[in-house]
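S.K.: Sharing a sequence plus its predicted fold:
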Amino acid sequence: SLRFLFHKSKPGTGLPPGRTGWPVIGESLEFFSMGRKGHPEKFIFDRMAKYSPAVFRTHLLGERTAVFCGATGNKFLFSNENKLVQSWWPFSVDKIFSSSIRTSYKEESIKMRKMLPNFLQPEALHRYIGIMDHIARHHFADGWDNKKEVVVFPLAKNYTFRIAFRLFLSIEDPKQLDKFAKPFNLLASGVISIPIDLPGTPFNKGIKASNFIRKELVAIIKQRKLDLPNGKVSSSQDILSQMLLTSDDTQELDIANMILALLTGSHDTASSVCTSIVKYLAELPHIYEQQVKIARSKAAGELLSWEDLQKMKYSWNVACEVLRLASPLQGAFREAIADFTYNGFSIPKGWKLYWNTNSTHKNPEFFAEPTRFDPSRFEGSGPAPYTFVPFGGGARMCPGKEYARLEILVFMHHLVTRFKLEMVFPDEKIVMDPTPFPTKGLPIRLFPHTSI
Ligand code: HEM
C-alpha cells in the first residue's frame, strides 16, 4: 500500500519523513543513477524540499537509512562517534576488507585507527616531500612531456599509485607496480559492485584481488622485519618501516590490512581530484594564470620543499573548490548504536545514517551561487564550520587528508610549470560512479611554455 512507500511524519511523531521505495533495493537505483548523470545532489535536494531539510529517511543498499543534511546534520554525526553512532561500511566494502580497520566495532580496529594518524601527520610527512617531487618529475617526463595530447584520468591514477607504493612500501620498479595495478582496479570495482559472491562476478573478483594483495603485503612485511634490524633498509625510508618500528607487537596481517586500507583510500580519491583540477584549470584561464605566477617563483629544476607547499595557499584554495564541487566521496555511513531523537524525529538503533557533502557543498545557503567556481570562498576564515566536509569530520575524519594535500599540490605545481592546457572536448562532463570522473577520461591538448 502507499503507506508502505510513503511516510510523512511530523516532528515528535516518529521516524523521519521519507520514501522507502521498492522492497530490498529501496531507492538505491535512483541514488546511484543521479550520480551517474552528474548531479548526485539532486537526490538529496529533492528529498530535503519534499520531506525535511534536516533529515529524511530512505532505503539504500538493503538498509533502512536516515540521511542527515546541512551543517547541523554533519556536526551531529561527526561529534557523536562511539556515543550514538559508529562508522559503518556497506556489506561489499566490509566483505572485501574483512578483518580490516573498517570494521570499527572490533577492539583491534579501534587500536589501528588510533595508530594511523601518527604516520600521516604533517610532521611525519615532511620527509617525503622530496620523494613526491621526485616521482612527479619522473611521472611527467614519462607520461606528459613531448606529447601534444594526453588522456588525464589514467595518468592521474598512475601518479597517485606510484606515490603510494613508493611512500608506503618503497616499491618503484615498474614490473612490481604492474603486478599490483590490476588487482587494485579489480578491488575498486568490487567495492562498488552488487555483492553477489559467485565465480566471475565483479564482487568475487574484488575479494580475490584483496586476498592476493594482502598475501603479497604480508610477504613484504615479513621480509622487512628481517631486513630492518640488520640495517639492510633504512628505518625512515617509508611508512612501512615507521609502522614496524613503532608497533612491534602488531601482527603482520594487521599491518597488511592497514596498508591495504591506506592504499585503497588513496587510490581513486586523489587521482579524481587531480583530474578535475586539470579540467578546471583548462576551462578557467584567470585561475590558471594565478597558478602559473605562483609556480614560476620557483627556479627551474629546484626541488620543492615543505615551505614551498605551505606558501601555495592559492593553489590549495583552487583544490578546495574542486573538492567542494566534485568531492571524491559523496558521503559516508554510520550506524545508530542506540535509539535517539534528532530534530524531533526518532532514530531507531541499528538504522544506517548517511552524511553527505552535497547538502552543504552545493547549497546556496552556505555557498552563494554554488555552481560557480570561486577559490576566494576559502580566503580569510573560509566556509562556516561543518559546511565544507570533503574529508568528513570528527573521530573518523579521513586520516589521509594531509597526504592528499601534499600530493595534489605537487601535481599542480608540475602541471602548470610545464604546460598550458586546452580541453579536447570543451563540454566534457564529470559524473560520479561513485567517485567523480570525466566521461571521456579528459583528453587534453598540451602546449609547453617554451613554445608559446
Ligand atoms: C582528496 C583525497 C581524499 C578524500 C576527499 C578523502 C575522503 C575521505 C572520507 C570522506 C572518508 C570517510 C570519513 C567518514 O567515514 O566519515 C575517508 C576515509 C578514509 N580515508 Fe580518505 N580521502 C582522501 C584521500 C585519502 C588518502 C590519500 C588516504 C591514505 C593515505 C586515505 C585514507 C583513508 C582511510 C584509511 C579512511 C578510513 C578511515 C576510517 O574508517 O576511520 N584517504 N576519506
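M.R.: In hand now; what should we look at?
S.K.: Next, count neighbours for the closest residue to the ligand within the stretch 351-452 of the chain.
M.R.: Of all residues in the stretch 351-452 of the chain, the one sitting closest to the ligand is Gly400 (2.1 Å; Cβ to the nearest ligand atom). (Each C-beta comes from the backbone N, C-alpha and C, glycine too.) Residues lying near Gly400 (other Cβ atoms under 10 Å) number 20.
S.K.: which ones are touching it?
M.R.: Leu120, Leu262, Gly265, Ser266, Thr269 (Cβ atoms under 8 Å, 6 or more residues apart in numbering).
S.K.: buried stuff in the strand or helix carrying the fourth one?
M.R.: Following DSSP states H and E, one finds Ser266 within helix 252-267. When burial is assessed from 16 or more other Cβ atoms under 10 Å, helix 252-267 yields the following buried residues: 252, 254-267.
S.K.: And the next helix or strand after that helix, what does it pack against?
M.R.: Elements were assigned by DSSP H and E; along the chain past helix 252-267, the next helix or strand is helix 269-283. In this structure, helix 269-283 makes packing contacts with helix 152-169, helix 285-296, helix 313-325, helix 401-418, strand 419-423, strand 436-438, judged by 3 or more Cβ pairs under 8 Å, 6 or more residues apart in numbering; DSSP states H and E.
S.K.: quick one: the third one to helix 401-418, angle?
M.R.: The reference is to helix 313-325. 110 degrees (axes from the mean of the first three to the mean of the last three Cα atoms, to 10 degrees).
S.K.: Quick check, Lys401 in contact with Phe391.
M.R.: Yes - between Lys401 and Phe391 there is a contact at 4.6 Å, judged by Cβ atoms under 8 Å.
S.K.: Looking only at neighbour counts, state which of these two leads.
M.R.: Neighbour totals were compared for Lys401 and Phe391, and Phe391 leads with 20 against 15 (other Cβ under 10 Å).
S.K.: Report pLDDT for that one.
M.R.: You'll see Phe391 listed with a pLDDT of 97.
S.K.: thinking again about what came up before, now the helices and strands packed on helix 269-283 as JSON lines including distance to Gly35 and mean pLDDT?
M.R.: Shown next, in JSON lines, are the helices and strands packed on helix 269-283 (distance: least, Cβ to Cβ, whole Å; pLDDT from 0 to 100):
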{"stretch": "helix 152-169", "distance to Gly35": "17", "mean pLDDT": "96"}
{"stretch": "helix 285-296", "distance to Gly35": "26", "mean pLDDT": "78"}
{"stretch": "helix 313-325", "distance to Gly35": "14", "mean pLDDT": "95"}
{"stretch": "helix 401-418", "distance to Gly35": "21", "mean pLDDT": "94"}
{"stretch": "strand 419-423", "distance to Gly35": "22", "mean pLDDT": "95"}
{"stretch": "strand 436-438", "distance to Gly35": "9", "mean pLDDT": "93"}
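S.K.: Is it possible to get those out as a markdown table so that each row also shows distance to Arg64?
M.R.: A markdown table is the format used below for those (distance: least, Cβ to Cβ, whole Å):
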| stretch | distance to Arg64 |
| --- | --- |
| helix 152-169 | 35 |
| helix 285-296 | 43 |
| helix 313-325 | 30 |
| helix 401-418 | 31 |
| strand 419-423 | 43 |
| strand 436-438 | 27 |
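S.K.: To Ile196, which of those lies closest?
M.R.: strand 436-438 (24.6 Å; Cβ to Cβ).
S.K.: How about that closest one and the ligand, touching?
M.R.: No - judged by Cβ under 6 Å from any ligand atom, strand 436-438 and the ligand are separated, with a smallest distance of 10.3 Å.
S.K.: Direction included, what does that strand pair against?
M.R.: Counting by DSSP bridges, the strands paired with strand 436-438 are strand 430-432 (antiparallel).
S.K.: is the partner strand anywhere near the ligand?
M.R.: No - in terms of Cβ under 6 Å from any ligand atom, no part of strand 430-432 sits within range of the ligand; the closest distance is 12.7 Å.
S.K.: I'd like to know how far Phe367 sits from Glu41.
M.R.: Using Cβ to Cβ, to the nearest Å, Phe367 is found at 12 Å from Glu41.
S.K.: who touches both of these two?
M.R.: His361.
S.K.: Return the residues of the stretch 351-452 of the chain in contact with the ligand.
M.R.: Pro390, Phe391, Gly392, Arg396, Cys398, Pro399, Gly400, Tyr403, Ala404.
S.K.: most neighbours, which of those residues?
M.R.: Tyr403 (27 neighbours).
S.K.: so who does that residue touch?
M.R.: Leu120, Leu125, Leu167, Ser266.
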